[in-house]
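Participant: Below: sequence and its predicted model.
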Amino acid sequence: MSSSTGVVRHDIYKQHLAGYPHVESPQRLGVIYDMLDEAEMAEKFVAISPRAATCEELAWVHSESHIQRVAATDGKPHSSLDPDTQTTPLSFQAAELAVGGLLCLVDKIFDGTVRNGFALVRPPGHHAERDRAMGFCLFNNVACGALYAMNIHSVKRVLIVDWDLHHGNATQNSFYEEPAVLYFSTHQFPYYPGSGDLAEVGQSKGKGYTVNVPLWPGHGDTDFFQIFKQILTPIASAFQPEFILVSAGFDTYVDDPLGGMKVTPKGYAALTRVIMEIAQTYCSGRLAITLEGGYHLEGLRESVKAVLKELARETILTKDDLESLEQGTIPPIVKDVIEVQRTYWPLSFQL
């Protein structure tokens, strides 16, 4: 194969909320798919066709009543599942294929067709709780992906990295008592949905397997890079994941209308590189990324492009870029997180 990076795409994902005024709009995927079809990107990636997730697969994460509640919206012109979360006639089918698309990517990674990949799907997922839709999310794509890797591909340890602007409350809750899944999240705080404080570290056998990095607005490329290098890398080295999933939200982009962060496409490329290094060291490069937020269309397009190029080892980062990031100031939050997490992980202050 000419590429070892897979891409999941399907036009049904653009039918969710089609014609309905919402910031989580079909145009988000429209600009990404257009970018993929340009000469620079065309035919660089292995196209992966999605299937619908089964009720059994959805039920690993969600209650039967929730699955039925979302299914009941199928074909209806408009339904409101929570103040932020609406559906249109094909939303349920898109949500089934969003989960199933990620599961197909997982299969292709484990059968060796691709090394890594990006599920360019919607609706997003990391706010969808066991028993309710919320925050634009119907089903929790990344949580289903983690349990699929464990149940179908016998993976024993999964790392989930969530760099969306908003905390992935539902992903955290899905695995809060589960030591087989390490959940690491950077997010603007306090902000929607209100969870993700430093002290939320997991409970019971899962204590220490939730790592939250709550951030004030204003953090940029160097801050995020240093957080990943100083916190994520040593914790992942101790955890030794067999598979890595990323909830990739691009609402931390410098001009995103919903956020207050300052990340650029080069920043996302750098974060992808850090995660790829972990994947290469511990799980033969096995890494699956799924799309979450990101509402500045041009920023979303360029940031996804930067991540895809990094996955395909065609980086946009120069040697000077990397030196600047490596030598950058470590943000104070790193010390705060280490203070909490050193109880569970071999972390030391490097400030």
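Facilitator: In hand now; what should we look at?

Participant: Give the partner strands of whichever strand in the chain runs longest in its sheet and their orientations.
Facilitator: In the chain, taking DSSP state E as the definition, the longest strand is strand 181-188. The strands beside strand 181-188 in its sheet (DSSP bridges) come out as strand 158-162 (parallel), strand 210-215 (parallel).

Participant: Pick the most deeply packed of the ones you listed.
Facilitator: strand 158-162 (a mean of 26; mean count of other Cβ atoms under 10 Å). Heads up, the C-betas are built off the backbone N, CA and C, glycines and all.

Participant: List of residues touching that strand?
Facilitator: 126, 142, 146, 149-150, 168, 171, 175, 180-187, 232, 236, 239, 241-247, 249, 275, 278, 292 (Cβ atoms under 8 Å, 6 or more residues apart in numbering).

Participant: So for stretch 216-225, mean pLDDT?
Facilitator: Averaged over stretch 216-225, pLDDT sits at 98.

Participant: hmm, back to that, quick one: buried ones out of the contacts of strand 158-162?
Facilitator: By neighbour count, with 16 or more other Cβ atoms under 10 Å, the contacts of strand 158-162 hold 126, 142, 146, 149-150, 168, 171, 175, 180-187, 232, 236, 239, 241-247, 249, 275, 278, 292 as buried.

Participant: I'd assumed Thr315 was in contact with Pro265.
Facilitator: No: with contact defined as Cβ atoms under 8 Å, Pro265 does not count as touching Thr315 (11.2 Å).

Participant: Mind telling me what element the spatially most central residue of the chain is part of?
Facilitator: For the chain, the residue sitting closest to the mean C-alpha position, by Cα atoms, centre = their mean, is Ser247 at 0.6 Å. Assigned by DSSP states H and E, Ser247 belongs to strand 243-248.

Participant: tell me the angle whichever helix or strand comes after that strand makes with strand 243-248.
Facilitator: Next in sequence after strand 243-248, counting helices and strands by DSSP H and E, comes helix 265-282. Orientation of helix 265-282 against strand 243-248 (axes from the mean of the first three to the mean of the last three Cα atoms, to 10 degrees) gives an angle of 170 degrees.

Participant: thought His167 was touching Pro190?
Facilitator: No: using Cβ under 8 Å, His167 is not in contact with Pro190; the gap is 9.7 Å.

Participant: what residues do the two have in common as contacts?
Facilitator: Counting by Cβ under 8 Å, 6+ apart, the residues touching both His167 and Pro190 are Pro214.

Participant: Comparing those two, which residue is more hemmed in?
Facilitator: Using other Cβ atoms under 10 Å, the more surrounded residue of His167 and Pro190 is His167, with 29 against 12.

Participant: Alright, calling it a day.
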